[in-house]
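A.B. asks: Quick check, what structure comes out for this input:
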Amino acid sequence: MTGVKNQKWWGWGDEGTAYSIDNKPKFKPFVRDVIGVDVDSVPVKKPRFEDLDVPACELGDALKQSLTDAVGAANLFVDDEVRVAHCYGKGVRDLLRLRQGILGRIPDVVVYPGTEDEVIAVADAVIAADGVLIPYGGGSNIVAALEAVPGETRQVVSVDMGRLNKVLEIDEVSGLARIQAGTYGPDMEKQLNARGWTLGHFPDSFIWSTVGGWVATRSSGNQSDKYGDIADVTRGMRVVMPSATAADRVPGQCTQVLHLNPLPSSSSGPSVREMLIGSEGRLGIITEVSMNVHRIAEAKEIQAYFFPNYDAGLEFAEAVCHSDASPVMLRVSDANETKFSMANASGGKSKISQYVNKAVQKIMVSKGWDLDQICMSFIGFEGSPANVRFQKGLVGQLVRKHGGMGVGKGPGSMYDEKKFDIPYIRDFLLDLGIPADVSETTSTWANAKTMHDETVKRAEEAFAKTGHKGFIMCHVSHSYHIGACQYFTFAIADSNPETVFESYDAVKQAVQQSFMDLKGTVSHHHGVGEEHSPWMAQDISEAGVHVQKVLFEGVDPGHNLNPGKIIHEGVPGVSSNSKQPE
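C.D. replies: Numbering: from 1, shown residues only. Modelled structure (predicted):
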């Protein structure tokens, strides 16, 4: 499986940085005090693959032969470990089920096409056989967009795109690159950087996610304030999709290729490009994407600032977006997340801890700040040295105007180095029986404070109702002219396998319903999948759901392409996979 990442079936695999608290002494008391779990007293237990009861493969001989003809025997796998590794994403519910040995309708076979022609042959074979086709990129999805619908009786085929992993072409005049959909973030950047270019798209899942996955879920990266969300970055694409009706499954005639030329803009009716971005495999398999790329900046730095409270930080973020300043990244953490960051600093001796515990702390006290309410902000700058200096000056003026203070680029350098480590903290907490998850939404600037305060309040009420201690924190992650994305992280200390799903659902539902009641969106960049689909009517209205249903039904009348995602029959807060089979 050349070019395919080695992910373990239960976690992120050996290639990621293992998270350790051995050199983070402040993190242990933080977990104990705010979540109520003593790190040293809880043994770390890892699930064993041999303890799983893996459902038998239901792949028929005819489809197996067709798939073998399409990709070759060396790129077709029916062994249990590969099938289990592709049955879920990396959501909290996914990992909890794996750790408890709960497997749903796992794929019958995993295929690794190496060309678009092979993708066409795979899709044609599966549709002709009335099977289910689930595209698989990096497997980092956290909203249940990768699993078959519970009780699916048809043959299920997972199409791992990992062999389509190349930057095919760079148009250096236009600043445009053609990139195969299975290319992982680091592999893509390595190929682009070798010629002096960058995509500038760095989601938290960057190490374990792919170009096609970003497009399929409407991804956003931590530098999207400058480079744009994936919908802004994506200019054209190629997609393998059905061509026959459900009643006309003629082998060799079941697919067609949609090709959108990369263009700066278009007035060609309702945007087909926009329909495909965020479609989560419901409309076809993305094989390649044409994307904006940029020359690597001459200068780059991330400055750290502090504000007396989150309200001041929100007002500052709004002011930046309405000013002439154009940072590459604008992040503001609330008080809880700031405390978490302090506790998670390396060894208690990092520059960030030195700043807060010594010189800066004295200045904060002299200003009358409540140290329990202080909020940290990271602002990134890129461009020519002169432009970086100019942008820093503009932002510095706004920081002072809103009562903040700068502490230099030391903490920012540490953040930049560690920004992709957060998933490993979540897995570490799961080892302690602490489910931790994230939910993000957008709101207007006028509603940002209410969105934050009310969501935190409702999560804390949900913690109390479950009878388990919990913690919620938040940061502004992406900013726009009219508003921002606020990214909430929550954890609940319920290690009881009999109640953990109910406890998790209670908090997740409270958070998501808060988004809806306050006129936010179900998600800013994680997508819909099954986890968020029950709220879609509240988000885009019943009429909007009708439009999506008609679109999916028209393109895929046989429901062969990742059925059950984005739209499914459910109630708010209870996706079709949230209740486990008895």
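A.B. asks: What residues sit buried inside stretch 547-555?
C.D. replies: Applying a neighbour-count criterion of 16 or more other Cβ atoms under 10 Å, the buried positions in stretch 547-555 are Gln548, Leu551, Phe552, Val555. (Each C-beta comes from the backbone N, C-alpha and C, glycine too.)
A.B. asks: Just the residues you listed: which are in helices?
C.D. replies: Gln548, Leu551, Phe552, Val555 (DSSP state H).
A.B. asks: The second one and Leu276 touch, don't they?
C.D. replies: Pointing back at Leu551 there. No: applying Cβ atoms under 8 Å as the test, Leu551 and Leu276 come out as separate, 10.4 Å apart.
A.B. asks: Now the common contact residues for these two.
C.D. replies: Residues touching both Leu551 and Leu276 by Cβ atoms under 8 Å, 6 or more residues apart in numbering: Leu283.
A.B. asks: just to revisit the earlier point, which of the ones in helices among the buried residues of stretch 547-555 lies closest to Ile134?
C.D. replies: Nearest to Ile134 out of these is Phe552 (Cβ to Cβ; 14.7 Å).
A.B. asks: Report the separation between Gly412 and Gly380.
C.D. replies: For Gly412, the distance to Gly380 equals 7 Å [Cβ to Cβ, to the nearest Å].
A.B. asks: scratch that, His86 is what I was asking about
C.D. replies: 35 Å.
A.B. asks: between these two, who's got more neighbours?
C.D. replies: Using other Cβ atoms under 10 Å as the criterion, His86 and Gly380 rank with His86 on top: 25 against 22.
A.B. asks: Residues in a beta bridge with the residue nearest to that one when sequence neighbours are not counted, which ones?
C.D. replies: Distances taken as Cβ to Cβ, 6 or more residues apart in numbering place Ser158 nearest to His86, at 4.2 Å, with adjacent residues excluded. Under the criterion DSSP bridges, Ser158 forms beta bridges with Val110, Ile134.
A.B. asks: if I pick Ser158, what's in contact with it?
C.D. replies: By Cβ under 8 Å, 6+ apart, the contact list for Ser158 reads Arg83, His86, Cys87, Pro107, Val109, Val110, Val111, Ile134, Tyr136, Leu146.
A.B. asks: do Gln256 as well
C.D. replies: Listed by Cβ under 8 Å, 6+ apart, the contact partners of Gln256 are Val240, Met241, Pro242, Ser243.
A.B. asks: and the closest residue to the last one other than its chain neighbours, how far is that from Glu280?
C.D. replies: Read it as Ser243. Among residues not flanking Ser243 along the chain, Gln256 sits closest, at 3.8 Å (Cβ to Cβ, 6+ apart). Distance, Gln256 to Glu280, using Cβ to Cβ: 20 Å.
A.B. asks: go on, Ala244?
C.D. replies: Distance, Ala244 to Glu280, using Cβ to Cβ: 22 Å.
A.B. asks: ok, Pro385 touching Lys300?
C.D. replies: No: using Cβ under 8 Å, Pro385 makes no contact with Lys300, being 10.2 Å away.
A.B. asks: Isn't Leu314 up against Ala448?
C.D. replies: Yes: under the criterion of Cβ under 8 Å, Leu314 makes contact with Ala448 at 5.3 Å.
A.B. asks: and for these two, which residues touch both?
C.D. replies: By the contact definition Cβ under 8 Å, 6+ apart, Leu314 and Ala448 are jointly contacted by Val476.
A.B. asks: ok, what's across the strand from the residue nearest to Ser243?
C.D. replies: Applying DSSP bridges, one finds that Gln256 bridges with Met241.
A.B. asks: Also the one 4 residues further on?
C.D. replies: Partner residues in beta bridges with Leu260, using DSSP bridges, are Met237.
A.B. asks: Hmm, Asn292 is touching Leu176, no?
C.D. replies: Yes: counting by Cβ under 8 Å, Leu176 is a contact partner of Asn292 at 6.6 Å.
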